[in-house]
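Colleague: Starting from these lines, generate the structure:
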Amino acid sequence: MDNTPAGRPIRAAIWFIERVAGAVLGLVTVLIVVSAIGRYGFARPLPDAFDLSRLVLGVAIAWGLASVAYHGTHIKVDLLAQAVGPRARRWLNAFAWAVLFVFTVTLTWKIWGRVMSAIGGGDATMDLRLPHWPFFLAIWVGLLAAVFATGVRLFLILRRGSDLGEFDGIDAELIEDQKK
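Modeller: Predicted coordinates for the structure are as follows:
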């Protein structure tokens, strides 16, 4: 995404998505470390550590999917794409991202049903009786971010004809972004 005035809001949204994904992953890590220290070091486990870690991990996965959806740094096998010409590669790439977009929209729709079910069902953690629905809602919002990011990526592929290996050198781009 270029740094033109039209591209800045999208870049800012992607930046926000990446920061949320990183913060939530950091929260999962801290939660698990504190729980392990409490359990094994002081024989006093953190209440609801298991439930909270699995729920927050779900949030981290959803927001991480949003980050990966834009950059295309997920695992991919591009053997077929590299064997065809540039025009066919462009359409193959667009088809693959369109499939990912449909999958992400479907997953988001199904998770919304789970959010509504959790709100009505009163699901809660074992010890602290924290309701599950806020975690499911955070997962759903992360998936909405993934729909947005995948849609932007698909749009860029259709508009610019981006190649499959475009973000293989992502580390250099991230370093440049941090310098700005």
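Colleague: Apart from its chain neighbours, what residue comes closest to residue 80?
Modeller: Distances taken as CB to CB, 6 or more residues apart in numbering put residue 92 closest to residue 80, at 6.9 Å, once the chain neighbours are dropped. For glycine as for every other residue, the C-beta is placed from the backbone atoms N, C-alpha and C.
Colleague: Secondary structure element holding the one you found?
Modeller: Using DSSP states H and E, the secondary-structure element containing residue 92 is helix 86-121.
Colleague: residue ranges with poor pLDDT in the chain?
Modeller: Counting by pLDDT under 70, the chain shows low-confidence ranges at 1-6, 73-78, 81, 161-180.
Colleague: at 50 what do you get?
Modeller: Filtered on pLDDT under 50, the chain yields the residue ranges 164, 167-168.
Colleague: in it, which spans are helices?
Modeller: 8-36, 49-71, 79-83, 86-121, 133-160, 170-179 (DSSP state H).
Colleague: now those helices as JSON lines including distance to residue 42 and mean neighbour count?
Modeller: Shown next, in JSON lines, are the helices of the chain (distance: least, CB to CB, whole Å; neighbours: other CB atoms under 10 Å):
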{"stretch": "helix 8-36", "distance to residue 42": "11", "mean neighbour count": "15"}
{"stretch": "helix 49-71", "distance to residue 42": "13", "mean neighbour count": "20"}
{"stretch": "helix 79-83", "distance to residue 42": "52", "mean neighbour count": "11"}
{"stretch": "helix 86-121", "distance to residue 42": "33", "mean neighbour count": "15"}
{"stretch": "helix 133-160", "distance to residue 42": "27", "mean neighbour count": "20"}
{"stretch": "helix 170-179", "distance to residue 42": "39", "mean neighbour count": "10"}
